[in-house]
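Enquirer: No letters, just coordinates:
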């Protein structure tokens, strides 16, 4: 078998969330395979330049559709990741416009096999159902540098909007 590399870290405990055991093998899981930008350092420098008042490039944002050509992964990198996902038994959806995300809808069993981790089910404090991988997902070593994260393998917390201003409410 090909060498596999962990992407990210194992999930940590979440207060108020109760483990319920293994997730049903046939349950549907919606994931996003997040790809690394082509040149993270150049992207960071660009973001700083367009976001810093006084910079000669302050406010010079990219036009719609420019990100992928400048900072997105190469077409070859995207194709390599898509092929690895198919080889793992997954059916990747259309790559995002930026090239940074490939959606995958599969079953718990499919995700477990593809990413080498068990998936557990949980009950959130608000009563909602959730899942989380028991360990960091693993991908083939040859695509690991192109994969920044697998999003959707931990739904125990819900994103919270940031408050605008200091004294909201």
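Expert: Yep, it's here. Every value quoted in this text rests on a predicted model; they were computed, and no experiment measured them.
Enquirer: mind listing the strands for the chain?
Expert: 4-6, 18-22, 28-35, 101-107, 119-123, 129-133, 138-140, 147-151 (DSSP state E).
Enquirer: and the first one, average pLDDT?
Expert: In this model, strand 4-6 has an average pLDDT of 95.
Enquirer: what's the offset of stretch 52-61 from the middle of its chain?
Expert: 29 Å (C-alpha atoms, centre = their mean, to the nearest Å).
Enquirer: do stretch 45-63 as well
Expert: The mean C-alpha position of stretch 45-63 is separated from the chain mean by 26 Å, C-alpha atoms, centre = their mean.
Enquirer: Check stretch 117-127 too.
Expert: 18 Å.
Enquirer: Tell me the buried residues in that stretch?
Expert: 117, 119, 120, 121, 122, 124 (16 or more other C-beta atoms under 10 Å). Placement of C-beta: from N, CA and C, glycine included.
Enquirer: Among the residues you listed, which one lies nearest to residue 142?
Expert: residue 117 (19.2 Å; C-beta to C-beta).
Enquirer: if I look at that closest one, how far off is residue 84?
Expert: 16 Å (C-beta to C-beta, to the nearest Å).
Enquirer: Now do the end-to-end distance for stretch 21-35.
Expert: Start-to-end span of stretch 21-35 (C-alpha to C-alpha, to the nearest Å) is 30 Å.
Enquirer: Let me see the mean pLDDT of it.
Expert: 97.
Enquirer: ok, the residue located most distally from the centre of the chain - contacts?
Expert: Distance from the C-alpha centroid of the chain, by C-alpha atoms, centre = their mean, peaks at residue 54 (33.7 Å). Residue 54 makes contact with no residue, according to C-beta atoms under 8 Å, 6 or more residues apart in numbering.
Enquirer: quick one: low-confidence ranges for this structure?
Expert: Within the chain, the segments meeting pLDDT under 70 span 1, 160-169.
Enquirer: rerun that using 80 as the cut-off
Expert: Low-confidence segments of the chain (pLDDT under 80): 1-2, 158-169.
Enquirer: Now do the helices in it.
Expert: 40-51, 66-70, 75-87, 108-115 (DSSP state H).
Enquirer: Pick the most buried one from those.
Expert: helix 108-115 (a mean of 21; mean count of other C-beta atoms under 10 Å).
Enquirer: Since that was my last question, I'll sign off now.
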